[in-house]
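S.K.: here's a sequence, model it:
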Amino acid sequence: MLNYKPIALNGKPVANGKFPLICTPLVGRTLTDILAELDLVLPKKPDLLEWRVDYFEGIVDTALVISVAKAIKTAANGIPLLFTRRSFMEGGERIALNEDQMVALYSAVCASKYIDLIDYEMVNDAANIAQVRDAAHANGISLVLSFHNFKCTPEQETLVGKFITAERLGADIAKVAVMPNDPDDVLTLLSATRQASGQVQIPVISMSMGSYGAQTRLFGWVYGSALTFAVGARGSAPGQIPIEDLSMVLNVLQNPRP
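M.R.: Alright, predicted model coming up:
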């Protein structure tokens, strides 16, 4: 039997311990775009919001980024905010900041306390990971350490190792997202999630992307994945499902009729 680990913030489970949580991304290029997205997304009642700041055209202006984070946080009215720069090498947008500048931005945003969680990739240098971790934890922000592969699905042992490494590096949540090239790859991701959820002490998030992997967004929670991403206004990764459809399927799966 799996030991499900709901995501908590400052010791309090998000959405009363709902499993899995549904997170919708915000990918607007400007504040106006982001606020328009929020107008569409918030009525659909996501459990978390993710601001993909690598899409934001003002990313080089730290003060502007913080002001937008504040605007999102205010509009969200209690829905936790995950702050993410997805690096280009792991499927994100190209940005005009080097990694040292990005770490400085992360530190400043954590210090502002307008976010609740922050995502950083394990592919980065250990010193940068430690700096982001320390900035997050000093300000009561939960750290998601993540791994993405948009080309293939590594072996199960490798994937389990990523979850374990995230915990060892001080993550509060471990995330793995991979691309399947056939249905067997999807089973590999789910098996790795099941194994890791029983081995690590922190919540895990996993998904298999694209058309083959879309099913993992619907029932990855059965194997221990604590969160799934859904489209509110615009998607941020291949295979994401509209939040309305995802919510309906989760309701059917978790509340079967006799």
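S.K.: show me the helices in the stretch 51-200 of the chain, by range?
M.R.: 62-76, 99-112, 126-138, 156-168, 183-199 (DSSP state H, counting those that start in this stretch).
S.K.: what are the boundaries of the strands in the protein?
M.R.: Ranges of strands within the chain are 8-9, 12-13, 21-26, 48-52, 81-84, 117-121, 142-149, 173-178, 204-208, 227-231, 241-242, based on DSSP state E.
S.K.: between those strands, which one is nearest to R94?
M.R.: When the strands of the chain are compared by C-beta to C-beta, strand 48-52 sits nearest R94, at 13.2 Å. Where you see a C-beta, it was placed from the backbone N, CA and C, and this is true even at glycine.
S.K.: let me see the mean pLDDT of that closest one.
M.R.: On average, the pLDDT along strand 48-52 is 97.
S.K.: the helix or strand of the chain with the lowest mean pLDDT packs against which elements?
M.R.: One helix or strand of the chain scores below all others by mean pLDDT, DSSP states H and E: strand 241-242, with a mean of 80. For strand 241-242, the packing partners by 3 or more C-beta pairs under 8 Å, 6 or more residues apart in numbering; DSSP states H and E come out as helix 210-219, strand 227-231.
S.K.: show me where pLDDT drops low in this protein?
M.R.: By pLDDT under 70, the weakly predicted segments of the chain are 1-2, 232-240, 258.
S.K.: out of the helices and strands packed on strand 241-242, nearest to L82?
M.R.: It's strand 227-231; of those, that one is closest to L82 (C-beta to C-beta) at 9.2 Å.
S.K.: what's the angle from that closest one to strand 48-52?
M.R.: Per axes from the mean of the first three to the mean of the last three C-alpha atoms, to 10 degrees, the angle that strand 227-231 makes with strand 48-52 is 70 degrees.
S.K.: for stretch 82-95, which positions count as buried?
M.R.: L82, F83, T84, R85, R86, S87, E90, G91, G92, E93, I95 (16 or more other C-beta atoms under 10 Å).
S.K.: I meant stretch 117-133, not that one.
M.R.: Buried residues in stretch 117-133 (16+ other C-beta under 10 Å): L117, I118, D119, Y120, E121, M122, N124, N128, I129, Q131, V132, R133.
S.K.: quick revisit: strands paired with the least confident helix or strand of the chain, and their directions?
M.R.: strand 227-231 (parallel) (DSSP bridges).
S.K.: what separates the closest residue to A171 other than its chain neighbours from N128, distance-wise?
M.R.: In this structure, A171 finds its nearest non-sequential neighbour in L145, 3.7 Å apart by C-beta to C-beta, 6 or more residues apart in numbering. Note on L145: its distance to N128, by C-beta to C-beta, to the nearest Å, is 12 Å.
S.K.: who touches both of those two?
M.R.: Y120 (C-beta atoms under 8 Å, 6 or more residues apart in numbering).
S.K.: I'd like the helices of the stretch 51-200 of the chain written out as a markdown table, with distance to R29 added.
M.R.: Shown next, in a markdown table, are those (distance: least, C-beta to C-beta, whole Å):
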| stretch | distance to R29 |
| --- | --- |
| helix 62-76 | 11 |
| helix 99-112 | 17 |
| helix 126-138 | 24 |
| helix 156-168 | 30 |
| helix 183-199 | 31 |
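S.K.: perfect, that will be all.
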